[in-house]
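Got a predicted model here, sequence first, then my questions.
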Amino acid sequence: MNPGNYYFFMKQIIARWKAEAGVFEPVHFKHTDEMDEETCEILKHTIKIFTSKPGLLIGMYGKLVDKYMKIFKEYYHGTDVEIEFIETNDWV
């Protein structure tokens, strides 16, 4: 799949996630893959989310992060998905 398609999809989903969580500050993200060197198979997708309000995106009892992790996992056809939050107030 074209990497641009990943970015477009993730941008739309994170925008929907922000709206549901009530976050109006900027949210940036970075997507990386962990691959098996022998088979070149993707083992895990890691999505790093940079925000000043990680608690709002996580949601009460982690419900929002679980919901959106499930959406990403379906998009990546069952491949493991890890979401990391990096709290920052530095916007360049």
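Received it, and whenever you're ready, just let me know what you need.

low-scoring pLDDT stretches of the chain, where are they?
The chain contains residues with pLDDT under 70 at 1-4, 90-92.

Can you show me the helices along it?
Using DSSP state H, the helices of the chain run over 3-21, 54-58, 63-75.

Turn these into CSV, columns for mean neighbour count and distance to Cys40.
Bear in mind the C-beta positions are built from the backbone N, C-alpha and C, glycine included. Converted to CSV, these look like this (neighbours: other CB atoms under 10 Å; distance: least, CB to CB, whole Å):
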stretch, mean neighbour count, distance to Cys40
helix 3-21, 14, 16
helix 54-58, 17, 32
helix 63-75, 15, 20
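
thought Ile13 was touching Ile71?
Yes - here Ile13 reaches Ile71: they are 6.1 Å apart, a contact under CB atoms under 8 Å.

of all the helices of the chain, which lies closest to Glu84?
Among the helices of the chain, helix 54-58 comes nearest to Glu84, with 9.7 Å by CB to CB.

and the closest one, what other elements does it pack with?
For helix 54-58, the contact count by 3 or more CB pairs under 8 Å, 6 or more residues apart in numbering; DSSP states H and E identifies helix 3-21, helix 63-75, strand 80-87 as packing neighbours.

contacting residues around the shortest one?
By that I understand strand 80-87. Applying CB atoms under 8 Å, 6 or more residues apart in numbering, the external contacts of strand 80-87 come out as 43-52, 54, 57-58, 65, 68-69, 72-73.

what do you get if the cut-off is 7 Å, keeping everything else the same?
43-52, 54, 57, 65, 69, 72-73 (CB atoms under 7 Å, 6 or more residues apart in numbering).

nearest to Phe29, of those residues?
Using CB to CB, Ile49 comes nearest to Phe29 of those, at 5.0 Å.
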